[in-house]
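Enquirer: Based on what follows, work out the 3D shape:
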Amino acid sequence: MSATRVQLDTSLLQLLHQRVDACFVQAEARLGRSFPRPQIHCNMRGRAAGSARLQTWELRFNPALYEANQQAFLAEVVPHEVAHLLVYALWGEGRGKSRVLPHGRQWQSVMRELFALAPNTTHSFDLAVLAQRTHAYACACQQHRLSVRRHNKVVRGEARYHCRRCRQPLVLQPCSPAD
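Expert: Predicted structure coming up:
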């Protein structure tokens, strides 16, 4: 995969929105109260699968991890992030109570009792789908791989990199099939 952003298919976005709504419907049925629906964004990058922005009532998801792990993502990540919003609504700041821990006992309770899920704080998805493309460079003593960001800085004349071992400048190599 290249370092560009993943654009999700419309059907995957629709499934994501439906799953978020289903989690809220499930919580509302169990708790006997309604909750506003959050804004949903699929613009996260990096290793995190999702995040909840409590004060702005938003959910953010990693499109690359979602696309590569659709079933597990919908079953585990979506309820995990919805649980953060529910905990904030039920016990969070603005309620005159002390701040709750992100994965504290209230969140764990929501995961177990409302969603019947183990309160896992991290995912175990294969992160290979996040691998960024690199460019081959060489010095006098070895080969180097530079990230797209560093390569672009070299191309624009904004940076020069040197080998830590031989201190020679790194030189871009002809394209290889891995690039």
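Enquirer: Now do the contacts for residue 30.
Expert: By CB atoms under 8 Å, 6 or more residues apart in numbering, residue 30 lies in contact with 113-114. Just so you know, the C-beta spots here come from the backbone N, C-alpha and C atoms, and that holds for glycine as well.
Enquirer: Identify each buried residue in the helix or strand encompassing it, please.
Expert: Secondary structure from DSSP states H and E places residue 30 in helix 10-31. Buried residues in helix 10-31, counted by 16 or more other CB atoms under 10 Å: 12-13, 15-16, 19-20, 23-24, 27.
Enquirer: tell me what the helix or strand just after it is packed against?
Expert: Next in sequence after helix 10-31, counting helices and strands by DSSP H and E, comes strand 39-41. Helices and strands touching strand 39-41, as assessed by 3 or more CB pairs under 8 Å, 6 or more residues apart in numbering; DSSP states H and E, comprise helix 10-31, strand 58-61.
Enquirer: So which of these is nearest residue 167?
Expert: strand 58-61 (42.3 Å; CB to CB).
Enquirer: For the chain, just list every one of the strands.
Expert: With DSSP state E, the ranges of strands along the chain come out as 39-41, 50-53, 58-61, 134-138, 143-147, 171-172.
Enquirer: Tell me which of those strands is the most buried.
Expert: strand 58-61 (a mean of 20; mean count of other CB atoms under 10 Å).
Enquirer: Please report how far residue 164 lies from residue 141.
Expert: Distance of residue 164 to residue 141, given as CB to CB, to the nearest Å: 10 Å.
Enquirer: This completes my enquiry, with thanks.
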